[in-house]
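**Student:** This is the structure alone, sequence omitted:
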């Protein structure tokens, strides 16, 4: 229900020329193969949520947009690849996510609508907004994670280095690869020694944190608009699920969107 509300709101307010969905698959990804500890701390899904997720494919099918799920990769990698591909072709892309990992993909023609906790207004992150928040370019964020870690993904930090310290080091050296090649320039001595001891961990964590932009996407359309057939499928599904309050929202799409649907 919450996903349906959000998608209808996005269609009404953003009026996109098309949309696409990226999904995690059930099998381990290359990150799990490289690091058995990756996301290992996460609890299993509760049964009620698991039941809800079984309905998700039907909902996405009703919207009629392409759905991408590539074995061995996370949905974030799929979104990164898709966004870069479309932006390179001159199309403007807005990634809608609740995962800050996607901030690293922000660039010309690509921004992120970050959807946080319920009740909080979504925030748009373009290049300037990312740099204001972190003091770093979007592409430098995996280096920040390599030093400061990420509790959500169970990525380790370097002992004695916090977020601000990580950001300062990345600003000074550009990325962790340059940092590790210039350790003689790092002061104080205890910081240099901590980085030297954790060098292999830093390289490994950076590789895990950096999203792939070369996911082998299947052939076919990269996005699709909502059309009249989609509206009919959604109306039938909402009736079946007793989401009757959402039936009115189907009729609240803007005239511009409605013209696209009718066409």
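**Tutor:** Noted; the coordinates are in hand. This is a predicted model, so every value here is computed, not measured.

**Student:** which regions of the stretch 1-150 of the chain sit below the pLDDT cut-off?
**Tutor:** 117-119 (pLDDT under 70).

**Student:** all strands in it, in order from the N-terminus.
**Tutor:** For the stretch 1-150 of the chain, the strands defined by DSSP state E, counting those that start in this stretch occupy 21-22, 67-68, 93-97, 110-114, 123-125.

**Student:** Run the chain-centre distance for the third one.
**Tutor:** Centroid separation between strand 93-97 and its chain, computed with CA atoms, centre = their mean, to the nearest Å, is 8 Å.

**Student:** for stretch 147-167, same thing?
**Tutor:** Worked out by CA atoms, centre = their mean, stretch 147-167 lies 20 Å from the chain centre.

**Student:** Quick check: chain neighbours aside, which residue is closest to residue 23?
**Tutor:** Residue nearest to residue 23 in three dimensions, not counting chain neighbours: residue 69, with 4.3 Å by CB to CB, 6 or more residues apart in numbering. All C-beta atoms are positioned from the backbone trio N, CA, C, and that covers glycine.

**Student:** ok, now residue 19?
**Tutor:** residue 65 (4.6 Å).

**Student:** Would you check how far apart the residue nearest to residue 23 and residue 81 are?
**Tutor:** 13 Å (CB to CB, to the nearest Å).

**Student:** Please, where are all the helices along this protein?
**Tutor:** 2-14, 30-34, 47-54, 56-63, 75-88, 127-134, 141-148, 163-173, 176-181, 189-197, 199-209, 228-240, 245-250, 255-262 (DSSP state H).

**Student:** Minimum distance to residue 156: which of those has it?
**Tutor:** helix 199-209 (6.1 Å; CB to CB).

**Student:** List the buried residues of the closest one.
**Tutor:** Buried residues in helix 199-209, counting neighbours by 16 or more other CB atoms under 10 Å, are found at 201-202, 204-206, 208-209.

**Student:** what helices or strands is that helix leaning on?
**Tutor:** Helices and strands touching helix 199-209, by 3 or more CB pairs under 8 Å, 6 or more residues apart in numbering; DSSP states H and E, are helix 30-34, helix 141-148, helix 176-181.

**Student:** Comparing these, which comes out most buried?
**Tutor:** Of all those, helix 141-148 has the most neighbours on average by mean count of other CB atoms under 10 Å, namely a mean of 25.

**Student:** what about residue 45, how many neighbours?
**Tutor:** Residue 45 sits with 11 neighbouring residues when counted by other CB atoms under 10 Å.
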